[in-house]
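*Asks:* sequence and predicted structure, then a few things I'm wondering about:
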Amino acid sequence: MLDSDYSSVYHRWQQQPEQFWAEAASDLHWYKSWDQVLDVSESPFNRWFTGAETNTCYNCVDRHVNNGRGDQTAIIYDSPVTCRVQTLTYRELQEQVSRFAGVLAALGVTKGDRVVIYMPMIPQTAIGMLACARIGAIHSVVFGGFAAEELAKRIDDARPKVILSASHGIEPTRTVHYKPLLDTAIGLVEHPPEHCVIYQREDSKAELFEGRDNCWETLQAEADERDCLPVAATDPLYILYTSGTTGTPKGVVRDNGGHMVALHWSMKNVYGAEPGEVYWAASDVGWVVGHSYIVYGPLLNGNTTVMYEGKPTGTPDAGAFWRVIEQHQVKTLFTAPTAFRVIKKEDPRAERLQSYDTSSLRALFLAGERADPDTLQWAERILQVPVIDHWWQTETSWPQVANCLGLGLLKIKHGSSAKAVPGFNIEVLGHDGLPVAAGESGALAIKLPLPPGCLTTLWQDDQRFVDGYLSEFPGYYATGDAGFIDEDGYVYVMGRLDDVMNVAGHRLSTGAMEEVIASHDSVAECAVIGVQCAIKGQQPIGLAVLKAGEIIADAELESEVVQLVRDKIGPVASFRSLKVVERFPKTRSGKILRATMRHIADGSDYVVPATIDDPVILDEIKSVFSTA
């Protein structure tokens with residue numbers, strides 16, 4: 001396909017946006033059609049498909065069974081940590097979801113009630129989500145194993161009638177007992193749930209408290225099946241909490257109609273996925289990637305989705321992803337750049353890949369943080385398929401910038417997420433809120449109205465939604481990311497605006513420096529932070545993790561990297577310091593905690609993020625800067 005395919009579709013959306021989304025919506029099932037495609041009468045709280053009635057679960061499950069796809073596999077559960085592989089067909093999924101919807105209904109859950117889901121990466125998690133959607137309840141998934149205090153904040157904000165959980169989750173090196181964490185959280189809240197439903201995993205059972213706790217399997221066996229309940233397209237489907245700068249979590253609200261239209265459209269047009277193919281998003285259902293592209297997107301599109309309870313390495317080794325691709329004939333893989341960085345770190349020559357046949361793979365998509373060109377090119381070389389960086393956020397729920405495989409692959413420019421996806425008008429704004437020239441850096445913003453699928457507000461906090469996203473640049477949604485757009489319309493996301501340094505009056509991107517450092521042959525992954533400097537305001541300091549087996553003196557590496565930055569960015573970068581660390585502090589979704597490291601380096605107070613994977617790593621970072 002040619003560039004004109006993408007261009008013509010983007011132009012068609014620009015010219016007739018409401019007709020464009022009406023056509024996309026026609027592929028799905030509606031109990032009642034819409035009165036308006038886009039209702040802006042209460043702007044900025046715009047609503048998509050007002051007057052329409054639908055059901056997301058029906059479109060994900062029952063629609064496929066009724067259209068003859070009941071025997072197709074819907075979910076592949078692949079768990080190297082328990083040595084289990086299990087499959088569910090669409091018909092089996094329909095039976096389990098409709099029965100669990102009966103469980104929720106018997107516990108008093110009705111349309112609009114909230115259900116918090118605090119579970120590991122097992123099929124029951126997706127079943128719980130879909131069962132909520134089936135009866136019009138609003139689910140809020142909290143990453144399994146989250147600290148009790150953080151879970152308590154989310155419970156008090158959502159005020160669920162029921163909480164779904166499991167006895168435990170399994171990590172490569174430990175078992176995380178969820179039930180004691182849940183019990184502690186409930187003890188902290190002002191608004192405890194009426195009931196908890198606990199899935200007892202095979203290798204250990206949790207203690208159940210009489211009167212509040214219920215056994216998942218017992219209730220499931222006794223429940224009656226429930227049909228899908230028509231809900232308004234504008235009714236909430238779920239709440240997903242993202243960390244707020246004040247420490248108070250922000251509950252992103254997603255609607256039913258616009259969400260399913262956008263995700264269904266994206267599966268074919270962005271990812272090039274056809275119904276019946278195996279689609280694997282190697283993430284967790286606790287994050288937006290898991291909501292959009294483990295559960296809802298693939299099932300809406302009639303794909304087979306993989307739920308993987310494992311890691312890129314350590315379950316058992318750096319060949320884990322290749323084994324899953326071969327065994328399940330994965331066509332599309334979507335994961336975070338950090339997953340490939342850790343694979344590259346452990347197996348830099350991709351020797352384990354030689355043991356597997358990954359010829360089924362059509363494309364690799366990367367998102368979640370900036371994909372440095374070195375990692376992208378490494379993945380291209382070893383997999384011999386297009387490696388597509390794309391950019392989106394918890395708030396948007398689907399890609400806002402991507403090389404849309406289904407519309408014809410555009411030229412790949414390493415370092416860029418390609419062009420704005422139809423539905424999104426991306427601009428770069430200066431401090432005055434006006435668009436800047438091509439190639440000039442600034443704040444990346446999306447011109448309103450936002451397309452279907454994006455957040456409609458924050459749960460019970462409309463003002464925070466306006467203040468946090470819409471006030472900085474009137475007429476735009478502020479993404480919080482910095483970057484630029486080149487003369488060809490390619491978008492370059494260079495990191496969070498907080499990560500743009502001011503060095504002697506020059507605004508410099510940490511992402512640009514990280515791109516240079518990552519190009520060094522010995523470096524597996526890296527980060528650059530701006531540390532306070534009395535003379536220059538901020539001074540960039542680099543941190544690097546070496547590839548497995550690399551032997552190079554710290555001073556030699558520092559000298560070579562400093563010269564690389566000087567050659568490729570210039571003396572203006574004022575880059576003179578690189579420190580080698582064993583590993584980085586990261587969120588459980590794989591994002592490097594740059595802001596936390598910056599606070600440590602500055603000696604300022606900080607709060608350990610609730611999403612941190614292993615707080616012990618911070619001690620090493622402290623020691624690095626204490627000896628600086």
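*Replies:* On my side now, so go ahead.

*Asks:* pull stretch 375-390 out as PDB, backbone CA atoms only.
*Replies:* C-alpha atoms of stretch 375-390 as PDB (Å, rounded to 0.1, in the frame of the first residue of the first chain):
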ATOM      1  CA  THR A 375      16.500  -1.000  20.600                       C
ATOM      2  CA  LEU A 376      14.100  -0.600  17.600                       C
ATOM      3  CA  GLN A 377      16.900  -1.500  15.100                       C
ATOM      4  CA  TRP A 378      18.000  -4.400  17.200                       C
ATOM      5  CA  ALA A 379      14.500  -5.800  17.100                       C
ATOM      6  CA  GLU A 380      14.200  -5.200  13.400                       C
ATOM      7  CA  ARG A 381      17.500  -7.100  12.800                       C
ATOM      8  CA  ILE A 382      16.700 -10.200  14.800                       C
ATOM      9  CA  LEU A 383      12.900 -10.500  13.900                       C
ATOM     10  CA  GLN A 384      13.000  -9.300  10.300                       C
ATOM     11  CA  VAL A 385       9.500  -7.700  10.600                       C
ATOM     12  CA  PRO A 386       8.400  -4.100  10.900                       C
ATOM     13  CA  VAL A 387       9.000  -2.800  14.400                       C
ATOM     14  CA  ILE A 388       6.500   0.000  14.900                       C
ATOM     15  CA  ASP A 389       6.800   2.500  17.700                       C
ATOM     16  CA  HIS A 390       3.500   4.200  18.600                       C
END
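
*Asks:* flag every buried residue along that stretch.
*Replies:* 375-376, 378-379, 382-383, 385-390 (16 or more other C-beta atoms under 10 Å). Where C-beta positions appear, they are placed from N, C-alpha and C, glycine not excepted.

*Asks:* which residues sit against it?
*Replies:* Residues outside stretch 375-390 that contact it (C-beta atoms under 8 Å, 6 or more residues apart in numbering): 270, 337, 340-341, 344, 350, 353, 358, 361-367, 371, 399, 401-403, 405, 409, 412, 414, 416-418, 518, 525.

*Asks:* buried among those residues? Make that a ChimeraX selection.
*Replies:* Selection of the buried residues among the contacts of stretch 375-390 in ChimeraX, burial being defined by 16+ other C-beta under 10 Å:
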select :270,337,340,341,344,350,353,358,361,362,363,364,365,366,367,371,399,401,402,403,405,409,412,416,417,418,518,525
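
*Asks:* against Met260, how distant is Arg91?
*Replies:* Going from Arg91 to Met260 by C-beta to C-beta, to the nearest Å gives 21 Å.

*Asks:* which one's more surrounded, the two?
*Replies:* Set side by side, Arg91 and Met260 show more neighbours around Met260, with 31 against 17, by other C-beta atoms under 10 Å.

*Asks:* sec struct for that one, please.
*Replies:* Three-state call for Met260 (DSSP: H, G, I helix; E, B strand; the rest coil): helix.

*Asks:* Gln539 belongs to a strand?
*Replies:* Yes. With three-state DSSP as the criterion, Gln539 is part of a strand.

*Asks:* quickly list what it is bridged to.
*Replies:* Val531 (DSSP bridges).

*Asks:* any idea how far Leu455 is from it?
*Replies:* When distance is defined by C-beta to C-beta, Gln539 is 37 Å away from Leu455.

*Asks:* these two: which is more packed in?
*Replies:* Neighbour count, other C-beta under 10 Å: between Gln539 and Leu455, Leu455 has more, with 24 against 20.

*Asks:* what separation do you get for that one and Leu240?
*Replies:* In this structure, Leu455 and Leu240 are 9 Å apart, going by C-beta to C-beta.

*Asks:* got it, and Ala555?
*Replies:* 46 Å.

*Asks:* those two: which has the busier surroundings?
*Replies:* Set side by side, Ala555 and Leu240 show more neighbours around Leu240, with 27 against 9, by other C-beta under 10 Å.

*Asks:* residues in contact with the host helix or strand of the more buried one?
*Replies:* Leu240 is part of strand 236-242 when elements are defined by DSSP states H and E. With C-beta under 8 Å, 6+ apart as the test, strand 236-242 has contacts from 56, 112, 114, 129, 132-133, 138-142, 154, 157-158, 249-256, 259, 288, 291, 394-395, 456, 459.

*Asks:* now which of those residues would you call buried?
*Replies:* Counted by 16+ other C-beta under 10 Å, these give 56, 114, 129, 132-133, 138-142, 154, 157-158, 249-256, 259, 288, 291, 394-395, 456, 459 as buried.

*Asks:* in helices only, show me these.
*Replies:* Taking DSSP state H, the ones among the buried ones among the contacts of strand 236-242 that sit in helices are 56, 129, 132-133, 154, 157-158, 259, 288.

*Asks:* give me the below-cutoff pLDDT ranges for the stretch 501-628 of the chain.
*Replies:* 501-509, 534-537, 572, 589, 627-628 (pLDDT under 70).

*Asks:* next: the stretch 51-200 of the chain.
*Replies:* Of all residues in the stretch 51-200 of the chain, none has pLDDT under 70.

*Asks:* greatest separation within the buried residues of stretch 375-390: which pair is it?
*Replies:* For these, the maximum inter-member distance is 20.0 Å, found between Ile382 and His390 (C-beta to C-beta).

*Asks:* if we can go back for a sec, which one of the buried residues of stretch 375-390 sits closest to Ala24?
*Replies:* Of all those, His390 has the smallest distance to Ala24: 18.7 Å, by C-beta to C-beta.

*Asks:* thought Cys533 was touching Arg576?
*Replies:* No. In this structure, Cys533 is not within contact of Arg576 by C-beta atoms under 8 Å, at 11.0 Å.

*Asks:* so for those two, which residues contact both of them?
*Replies:* Gln539.

*Asks:* show me how far the lengthiest helix in the chain is from its chain's centre.
*Replies:* Identified as the longest helix of the chain according to DSSP H is helix 90-106. Relative to the centre of its chain, helix 90-106 is centred 26 Å away, using C-alpha atoms, centre = their mean, to the nearest Å.

*Asks:* list the buried residues of it.
*Replies:* Neighbour-count burial for helix 90-106 flags 90-94, 96-105 (criterion: 16+ other C-beta under 10 Å).

*Asks:* before we move on, what about stretch 133-153?
*Replies:* Neighbour-count burial for stretch 133-153, counted by 16+ other C-beta under 10 Å, picks out 133-147, 150-153.

*Asks:* which of those residues fall in strands?
*Replies:* The members of these that map onto strands under DSSP state E are 138-141.

*Asks:* closest one of these to Cys83?
*Replies:* Once C-beta to C-beta is applied, the member of these that ends up nearest Cys83 is Val141, at 25.6 Å.

*Asks:* still on that earlier bit, mutual contacts of Leu455 and Leu240, please.
*Replies:* 252, 254.

*Asks:* which residue packs closest to the residue sitting nearest the centre point of the chain, ignoring adjacent ones?
*Replies:* Note on the chain: the residue nearest the mean C-alpha position is Val289, at 3.3 Å, using C-alpha atoms, centre = their mean. Leaving aside its sequence neighbours, Val289 sits nearest to Ser283 (C-beta to C-beta, 6 or more residues apart in numbering; 3.9 Å).
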